[in-house]
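Asker: Sequence below, structure please.
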Amino acid sequence: MAPMNMKPSASASSALAVKGTSVAGLSRDGEDYICITDIARFKDAARTDHVLQNWLRNRNTIEFLGVWEHINNPEFKHPRIRGV
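Answerer: Numbers count the residues shown, from 1 in each chain. The predicted model follows:
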């Protein structure tokens, strides 16, 4: 949620075709985002929840998220992530 004194930034939606699957995209403030649920749907359309749960438990994903937080969040306490 944007602070009251800031105007919400403009965003643009789009979709990518990846291996025959449409993946939603969003550009906001010069940053691009993609929908991981759409990517999970390619793997198993009926159980995207399980695909995402397994992805979030994966050690490589946890390490990536820790690095991302360290870079983008100066308040992040990175030693906590090492114990996972």
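Asker: For the spatially most central residue of the chain, which residues are in contact?
Answerer: With distances taken as C-alpha atoms, centre = their mean, the chain has Ile36 as the residue nearest its mean C-alpha position (6.4 Å). Contacts for Ile36 (C-beta atoms under 8 Å, 6 or more residues apart in numbering) come out as 52, 55. To be clear about C-beta, it is placed using only N, CA and C from the backbone, and glycine gets the same treatment.
Asker: Show me what counts as buried in whatever helix or strand Trp68 lives in.
Answerer: Secondary-structure assignment from DSSP states H and E places Trp68 in helix 59-72. Neighbour counts using 16 or more other C-beta atoms under 10 Å place Gly66 of helix 59-72 among the buried residues.
Asker: Give me the helices and strands touching that helix, please.
Answerer: The criterion is 3 or more C-beta pairs under 8 Å, 6 or more residues apart in numbering; DSSP states H and E, and the helices and strands that helix 59-72 contacts are helix 79-82.
Asker: and the helix it packs on, average pLDDT?
Answerer: Across helix 79-82, pLDDT averages out at 58.
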